[in-house]
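[1] no sequence for this one, just the structure:
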């Protein structure tokens with residue numbers, strides 16, 4: 001790096017703000033005052049405290065036997081970046097971590113006043129075993145770009161016994177990950193026989209430390225369901241911040257559900273007006289932009305989901321002209337899972353307009369369309385892969401060559417059935433169509449085949465027809481469509497299925513489980529991430545479902561709207577691995593096509609009030625599984641580190657469930 005042309009930004013505990021030109025270097029000195037939060041390690045009286053309390057565990061850690069100190073009075077932060085690098089995001093992140101370490105904090109379980117921050121000693125060296133500061137060193141090709149799929153999150157962190165620690169990275173996302181790692185290394189210290197600690201001075205164990213790190217998977221996420229239960233903007237931002245602490249990269253925002261449509265749209269304002277839970281429980285365009293910007297600042301991608309063609313009941317409250325008369329009935333014990341009426345002339349033009357406007361509000365390349373539960377008797381009953389589903393769908397054959405599926409859902413509706421017959425060999429069946437803005441007409445794309453048979457004879461062909469109409473809208477908006485696995489099922493489950501499209505959507509697997517749960521997607525060339533096995537919420541009656549109901553007088557479980565749940569056991573989540581579900585796939589297929597996975601916090605029984613308790617630290621277990629080396633799978637070894645991570649979140653304002661008795665306001669004894 002050519003240091004004579006390097007941007008230097010130093011954040012020091014000095015009163016005042018000053019900008020000055022020092023030759024070819026610029027230096028910005030700011031006061032980092034007391035703000036909100038702090039960090040410590042787990043209670044050593046109840047659980048063996050890990051010397052290196054990192055979560056998720058890095059790819060490589062080399063350590064010594066030293067014990068180094070960090071003083072609140074003199075610790076410094078410094079950014080060294082190439083010319084042209086916009087350090088606004090990174091400078092804000094450094095200030096944020098300054099506040100985590102040294103700012104004032106109040107939580108339900110304890111707190112501290114702001115730590116004393118005074119002038120750094122003139123030599124900047126400190127005592128023999130003192131770490132005096134952290135330099136964030138950006139490579140010459142570094143740019144301040146938001147995180148994207150397959151983006152570079154790698155970093156290297158060197159922590160000496162004394163002097164300056166150094167964080168090296170190629171861009172802002174890697175710097176954010178490295179700052180969190182450094183922060184987790186700081187453990188509260190107390191000296192001698194003092195009964196309490198100031199919670200302002202720290203130790204770093206096992207110095208010198210050399211850490212090289214990068215994620216195992218690019219898609220490491222959490223689904224948050226605001227269609228079933230409203231979350232405030234501040235609440236969503238706190239969740240995004242918590243994702244960043246766990247090095248999770250994706251906030252999957254399930255915005256719309258059967259219960260509400262809280263997204264304000266200029267094109268159809270009546271949707272949020274009539275279909276939100278309340279007039280003050282909507283997300284405006286300005287608020288969406290605020291959430292997207294906050295995600296960018298935290299290194300978290302915000303991926304929206306606008307559910308269709310199922311789960312559309314809320315659409316009907318604002319747009320009755322869609323005539324959502326199709327219903328799957330008593331599905332999951334819940335009626336009115338409104339499904340798109342394909343015979344409605346308003347359907348595709350209306351949804352195309354909604355998708356265009358919604359897509360313009362988000363900057364990530366992915367856009368999730370949902371697609372689940374449009375017709376239980378078909379696309380939740382794969383007789384080959386869903387062997388545990390036979391009790392739900394007894395009509396399904398056991399052999400692929402004997403494929404049978406009775407008319408149901410769409411095909412049982414006389415209006416849709418008649419419409420489907422009228423579409424035989426129509427241009428928009430033979431080829432994908434795109435809605436034209438200039439009027440309610442369709443333009444077939446002769447270069448993109450649709451259904452080569454020209455028929456819409458069953459549910460699978462109708463679903464594929466729908467997807468063929470809406471996917472091009474997103475592609476034209478610069479987005480890549482993603483669906484639940486129902487989209488894949490309707491393309492592939494029939495033995496005489498049409499050839500797969502050359503450009504395939506991304507799939508989230510939510511139903512298939514077991515050693516070959518991901519195998520069919522990989523063998524057919526679909527990129528996929530894992531969702532199955534990571535649904536948050538444990539039924540206290542012993543049923544592993546996020547949708548749980550108490551027994552009726554006859555002993556059966558029926559829908560009463562009453563949730564009987566507790567937080568999920570973290571250990572099964574920790575041991576669930578995408579590659580364990582890809583038996584029969586090649587190493588190349590797994591490397592190229594498995595994107596990662598995500599936990600899901602469905603709003604059926606997880607509300608904004610109970611959210612932290614249900615989500616954390618169980619989702620932290622998923623975070624390590626998707627970031628850290630595959631071989632790292634020892635639950636006993638992980639527990640003390642997870643307890644430390646849980647306390648780190650508690651001290652930063654998250655009400656995470658406990659893993660053991662003890663206090664998150666304890667300190668390591670250092671004599």
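    Perfect, thanks for sending it. Fair warning: this is a prediction, and the values are worked out from it, not measured in the lab.
[2] where in the stretch 1-150 of the chain is pLDDT low?
    The model of the stretch 1-150 of the chain has pLDDT under 70 over residues 1-48, 119-127.
[3] Can you name the element that comes right after the longest helix belonging to the chain?
    Ranked by residue count under DSSP state H, the longest helix found in the chain is helix 459-476. Using DSSP states H and E, the helix or strand that directly follows helix 459-476 along the chain is strand 480-484.
[4] Can you name every helix or strand that the longest helix of the chain contacts?
    Helices and strands touching helix 459-476, by 3 or more C-beta pairs under 8 Å, 6 or more residues apart in numbering; DSSP states H and E, are helix 347-360, helix 376-379, helix 427-430, strand 431-435, strand 442-449, strand 480-484, helix 486-492. (Each C-beta comes from the backbone N, C-alpha and C, glycine too.)
[5] Tell me which residues touch the nearest residue to residue 214 once chain neighbours are set aside, please.
    Nearest non-adjacent residue to residue 214, counting by C-beta to C-beta, 6 or more residues apart in numbering: residue 154, 3.8 Å away. By C-beta atoms under 8 Å, 6 or more residues apart in numbering, residue 154 lies in contact with 169, 170, 174, 212, 213, 214.
[6] Now do the same for residue 154: its pLDDT.
    With respect to pLDDT, residue 154 has a value of 97.
[7] about what we covered before: so which of the contacts of residue 154 are in helices?
    Of these, the ones assigned to helices by DSSP H are residue 174.
[8] With distance to residue 631, neighbour count and pLDDT added, can I get the contacts of residue 154 in a markdown table?
    Formatted as a markdown table, those follow (distance: C-beta to C-beta, whole Å; neighbours: other C-beta atoms under 10 Å; pLDDT from 0 to 100):
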| residue | distance to residue 631 | neighbour count | pLDDT |
| --- | --- | --- | --- |
| 169 | 25 | 25 | 97 |
| 170 | 26 | 18 | 95 |
| 174 | 23 | 26 | 97 |
| 212 | 16 | 15 | 98 |
| 213 | 15 | 24 | 98 |
| 214 | 16 | 15 | 98 |
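[9] The contacts of residue 154 in strands, which ones?
    Among those, the members falling in strands (DSSP state E) are 169, 170, 212, 213.
[10] Report the beta-bridge partner residues of the third one.
    The reference is to residue 212. Beta-bridge partners recorded for residue 212 (DSSP bridges): residue 60, residue 156.
[11] Would you mind measuring from it to residue 365?
    28 Å (C-beta to C-beta, to the nearest Å).
[12] Spell out, range by range, the strands that occur in the stretch 551-671 of the chain.
    565-566, 594-601, 668-669 (DSSP state E, counting those that start in this stretch).
[13] tell me the angle the helix or strand hosting residue 240 makes with strand 594-601.
    According to DSSP H and E, residue 240 maps onto helix 233-245. Orientation check (axes from the mean of the first three to the mean of the last three C-alpha atoms, to 10 degrees): helix 233-245 against strand 594-601 gives 140 degrees.
[14] Which elements pack onto helix 233-245?
    Looks like helix 233-245 contacts helix 172-185, strand 219-225, strand 250-254, helix 285-298, helix 611-615, helix 635-650 (3+ C-beta pairs under 8 Å, 6+ apart).
[15] In JSON lines: these, plus distance to residue 165.
    Shown next, in JSON lines, are the helices and strands packed on helix 233-245 (distance: least, C-beta to C-beta, whole Å):
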{"stretch": "helix 172-185", "distance to residue 165": "7"}
{"stretch": "strand 219-225", "distance to residue 165": "26"}
{"stretch": "strand 250-254", "distance to residue 165": "29"}
{"stretch": "helix 285-298", "distance to residue 165": "22"}
{"stretch": "helix 611-615", "distance to residue 165": "31"}
{"stretch": "helix 635-650", "distance to residue 165": "18"}
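[16] I'd like to know which of those lies nearest to residue 342.
    strand 250-254 (23.5 Å; C-beta to C-beta).
[17] ok, then the element right after that closest one?
    Assigned by DSSP H and E, the successor of strand 250-254 is helix 269-275.
[18] Show me what counts as buried in that following helix.
    Going by neighbour count (16 or more other C-beta atoms under 10 Å), the buried part of helix 269-275 is 271, 272, 275.
[19] quick revisit: in JSON lines, list the ones in strands among the contacts of residue 154 along with distance to residue 420.
    Formatted as JSON lines, those follow (distance: C-beta to C-beta, whole Å):
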{"residue": "169", "distance to residue 420": "55"}
{"residue": "170", "distance to residue 420": "52"}
{"residue": "212", "distance to residue 420": "57"}
{"residue": "213", "distance to residue 420": "53"}
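[20] Nearest to residue 181 among these?
    residue 213 (6.8 Å).
[21] from memory the closest one sits against residue 157, does it?
    Yes - counting by C-beta atoms under 8 Å, residue 157 is a contact partner of residue 213 at 7.4 Å.
[22] which residues are in contact with both of the two?
    178, 181.
[23] tell me the pLDDT at the residue nearest to the spatial centre of the chain?
    The residue lying closest to the centre of the chain (C-alpha atoms, centre = their mean) is residue 221, at 2.4 Å. Note on residue 221: pLDDT of 98.
[24] gap between it and residue 314?
    Taking C-beta to C-beta, one finds residue 221 at 24 Å from residue 314.
[25] Give me the mean pLDDT for the helix holding residue 240.
    98.
[26] can you pull the buried residues of that helix?
    For helix 233-245, by 16+ other C-beta under 10 Å, it's 235, 236, 237, 238, 239, 240, 241, 242, 243, 244, 245.
[27] Identify the residues contacting the fourth one.
    Listed by C-beta under 8 Å, 6+ apart, the contact partners of residue 238 are 653, 654.
[28] For the chain, which residues score under the pLDDT cut-off?
    1-48, 119-127, 190-197, 324-337, 375-409, 425-455, 493-499, 538-565, 667-671.
[29] any idea how far residue 76 is from residue 52?
    Taking C-beta to C-beta, one finds residue 76 at 23 Å from residue 52.
[30] again, but for residue 350
    In terms of C-beta to C-beta, residue 350 sits 55 Å off from residue 52.
[31] Same question for residue 272.
    Taking C-beta to C-beta, one finds residue 272 at 48 Å from residue 52.
[32] cool, residue 92 as well?
    27 Å.
[33] which of those two has more neighbours?
    Neighbour count, other C-beta atoms under 10 Å: between residue 92 and residue 52, residue 52 has more, with 18 against 11.
[34] Residue 166 against residue 133, yeah?
    No - when contacts are counted by C-beta under 8 Å, residue 166 is not listed as touching residue 133 (9.7 Å).
[35] Among those two, which residue is more densely surrounded?
    residue 133 (21 against 18).
[36] what residues are up against the more buried one?
    Residue 133 touches 75, 76, 77, 78, 124, 164, 165, counting by C-beta under 8 Å, 6+ apart.
[37] Run a quick neighbour tally on the fourth one.
    To tie it back to what came earlier, the one meant is residue 78. 18.
[38] could you say which helix or strand contains it?
    Residue 78 belongs to strand 76-81, assigned by DSSP H and E.
[39] starting at the chain centroid, how far to that strand?
    Remark: strand 76-81 is offset 29 Å from the chain centroid, using C-alpha atoms, centre = their mean, to the nearest Å.
[40] packing partners for it?
    Against strand 76-81 (3+ C-beta pairs under 8 Å, 6+ apart) you get strand 7-11, helix 88-102, strand 131-143.
[41] Please repeat the previous calculation with a cut-off of 6 Å.
    Contacts defined by 3 or more C-beta pairs under 6 Å, 6 or more residues apart in numbering; DSSP states H and E place strand 76-81 against strand 7-11, strand 131-143.
[42] Now do that strand against helix 88-102, angle only.
    Going by the same axes, to 10 degrees, strand 76-81 makes 160 degrees with helix 88-102.
[43] before we move on, the earlier item: which of the contacts of residue 133 ranks first by neighbour count?
    Counting by other C-beta under 10 Å, top hit in the contacts of residue 133: residue 75 with 26 neighbours.
[44] OK, contacts around that residue?
    residue 133 (C-beta atoms under 6 Å, 6 or more residues apart in numbering).
[45] Now do it against residue 115, distance only.
    Residue 75 is 9 Å from residue 115, by C-beta to C-beta.
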